[in-house]
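Visitor: fold the following, please.
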Amino acid sequence: MAAAAGGRLSFSNITALAPMVRVGTLPMRLLALDYGADVVYCEELIDIKMAQCHRVVNAVLETVDFVAPDDRVMFRTCEREKDRVVFQMGTADPDRALTVARLVEKDVAAIDVNMGCPKEYSTKGGMGAALLSHPDKIEAILKKLVAGVTIPVTCKIRILPSLEETVSLVRRIEKTGVTAVAVHGRFKEERPRHPVHCDYIQAVAQAVSIPVIANGGSLDLVKTNADIEEFRMATGASSVMLARAAMWNASVFTSQGPLPVDKVMEEYLKYAIRYDNNAFNTKYCLCQMLRDKVESPLGKQVQAAQTNADISEAYGLQEFYQQTQEQLQTRRDDLKSSSQPDQPIMDGDVTTMAVKFERREYPPQITPKMFLLEWSRKEKLEQPLYETVQRSQDRGFQSTVTVAEKKYRSSLWSVQTSSHLFFQPFLNLEELLRVCQHDVFKRVTFSSSVFEVYLQVQN
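Guide: Prediction:
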């Protein structure tokens with residue numbers, strides 16, 4: 001059982017899909033739930049990248065998306081997994097960790113901090129296994145999260161060089177107030193080919209009162225569903241977390257598992273199509289399931305595919321793909337025809353709307369500020385006043401404009417990719433002077449060699 005009293009996620013006596021980079025996306029998480037996993041972890045997501053995202057309700061896919069400034073979906077989730085999904089982040093900064101946790105906490109069941117990944121992409125920023133050498137930082141991050149969010153906080157570690165060091169660290173982690181700790185039974189220098197150290201996990205489980213989740217048994221110990229309980233017993237842990245065994249065949253979670261992998265791949269692909277998964281991510285996950293058959297005719301067809309439509313053809317799911325696309329398009333059309341224009345929302349004394357500035361929608365020499373200034377003058381109003389705040393983590397900014405003694409603001413943040421300078425060629429002096437008369441420009445710099453001008457806009 002994953003749910004506990006009060007609706008909080010329980011980590012006692014569960015089986016979980018481990019966090020896996022490029023594997024733990026929405027289709028795999030839903031597939032694992034279908035086959036009996038109690039809890040599913042997303043792939044490690046880096047705090048700096050997540051802090052730049054904004055939350056978007058995707059009415060077509062019926063998902064919640066966390067979208068980066070370049071419009072990439074960094075994290076996608078849905079109602080089906082809301083009470084079962086654990087958001088794992090890579091972080092080395094308590095404040096940034098809390099910012100990200102608060103961003104996602106209403107859409108996930110728990111927050112996990114990665115303290116075990118030995119790969120360079122994680123450790124080079126002081127994250128993952130690099131944190132194991134800095135227990136004070138571990139303590140600061142976890143305490144900040146436990147105090148700052150309303151959902152459970154956990155962490156995932158690797159074992160330290162000695163049993164005593166490992167037990168000491170986990171006892172210190174327990175005192176931060178975390179709900180559970182996952183222990184990968186290998187040293188940070190070891191890789192999957194090395195045997196898992198069940199004795200270390202067992203010592204940790206005996207030393208603390210919070211649930212301990214055993215991880216690392218996919219190669220030596222867990223090949224079938226029955227093996228999960230044996231791994232639990234061998235480690236003395238409360239729960240078990242599976243990575244590669246589930247990546248190869250997610251049906252390992254079912255009591256009859258594992259089932260034929262061909263059927264599992266087909267079910268995975270249906271989720272990938274249904275939730276518009278990135279085609280290259282879909283390919284990667286299917287190739288992991290194919291394993292030694294990746295050079296088979298099917299494997300080569302999957303590797304050559306460029307789109308989910310191509311992959312669907314390889315698996316004979318063209319009709320399912322086409323039907324799904326038609327359903328999604330119908331939903332888009334229905335939403336477009338039935339929806340009203342975005343309505344303003346009052347945020348204190350500020351009227352807010354989700355309005356994004358699209359430069360291409362305006363004439364080359366005119367900006368929204370210029371339109372508003374002209375309108376204010378025409379209506380004999382005072383010049384609009386702008387107040388701008390900036391986020392330190394990504395230099396994103398948000399402005400509030402006061403017009404006719406009323407305040408307005410977009411609920412979206414803009415990300416500054418360069419300075420507030422823009423370049424504009426002008427065709428003649430008359431046009432240049434017309435634009436420069438607007439006092440939204442606080443500096444005008446002329447180039448003597450060519451007929452060009454740089455304009456800096458006041459915020």
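Visitor: what are the phi and psi values for residue 269?
Guide: Backbone geometry at residue 269, expressed as degrees, to the nearest 10, gives phi -60, psi -40.
Visitor: any regions of the stretch 201-350 of the chain where pLDDT drops low?
Guide: By pLDDT under 70, the low-scoring segments of the stretch 201-350 of the chain are 339-347.
Visitor: contacts only, for residue 177.
Guide: Residues near residue 177 by Cβ atoms under 8 Å, 6 or more residues apart in numbering: 142, 143, 146, 147, 153. For glycine as for every other residue, the C-beta is placed from the backbone atoms N, C-alpha and C.
Visitor: turn those into CSV, columns for distance to residue 352, secondary structure and pLDDT.
Guide: Output for the contacts of residue 177, formatted as CSV (distance: Cβ to Cβ, whole Å; DSSP: H, G, I helix; E, B strand; the rest coil; pLDDT from 0 to 100):
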residue, distance to residue 352, secondary structure, pLDDT
142, 34, helix, 99
143, 34, helix, 98
146, 32, helix, 99
147, 29, helix, 98
153, 31, strand, 99
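Visitor: so which of those comes closest to residue 174?
Guide: Using Cβ to Cβ, residue 142 is the member of the contacts of residue 177 that sits closest to residue 174, with 9.8 Å.
Visitor: where does the nearest residue to the closest one once chain neighbours are set aside land in three-state SS?
Guide: Spatial nearest neighbour of residue 142, excluding adjacent residues (Cβ to Cβ, 6 or more residues apart in numbering): residue 176 at 3.9 Å. Here residue 176 is recorded as coil under DSSP: H, G, I helix; E, B strand; the rest coil.
Visitor: in terms of contact, does residue 176 touch residue 147 like I think?
Guide: No. Residue 176 is not in contact with residue 147 according to Cβ atoms under 8 Å; the separation is 9.4 Å.
Visitor: higher neighbour count, those two?
Guide: Applying other Cβ atoms under 10 Å to residue 176 and residue 147 shows that residue 176 carries more neighbours, namely 19 against 11.
Visitor: ok, now which ones touch the more buried one?
Guide: Counting by Cβ under 8 Å, 6+ apart, residue 176 has contacts 139, 142, 143, 146.
Visitor: how much space separates it from residue 143?
Guide: Using Cβ to Cβ, to the nearest Å, residue 176 is found at 5 Å from residue 143.
Visitor: same check on residue 243?
Guide: Applying Cβ to Cβ, the value for residue 243 to residue 143 is 28 Å.
Visitor: which one's more surrounded, the two?
Guide: For residue 243 and residue 143, the more surrounded residue by other Cβ under 10 Å is residue 243, and the numbers stand at 22 against 16.
Visitor: quick check: phi and psi on the residue nearest to residue 201 when sequence neighbours are not counted?
Guide: Once flanking residues are discounted, residue 201 sits nearest to residue 235: 4.0 Å by Cβ to Cβ, 6+ apart. Backbone geometry at residue 235, expressed as degrees, to the nearest 10, gives phi -100, psi -20.
Visitor: pretty sure residue 235 is touching residue 213, no?
Guide: No. Here residue 235 does not reach residue 213: they are 9.5 Å apart, not a contact under Cβ under 8 Å.
Visitor: could you turn the buried ones of the contacts of residue 176 into a PyMOL selection?
Guide: The PyMOL selection below is limited to those of the contacts of residue 176 classed as buried (16 or more other Cβ atoms under 10 Å):
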select buried, resi 139+142+143
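Visitor: so which of the contacts of residue 176 is the closest to residue 277?
Guide: The closest of these to residue 277 turns out to be residue 142 (Cβ to Cβ; 32.0 Å).
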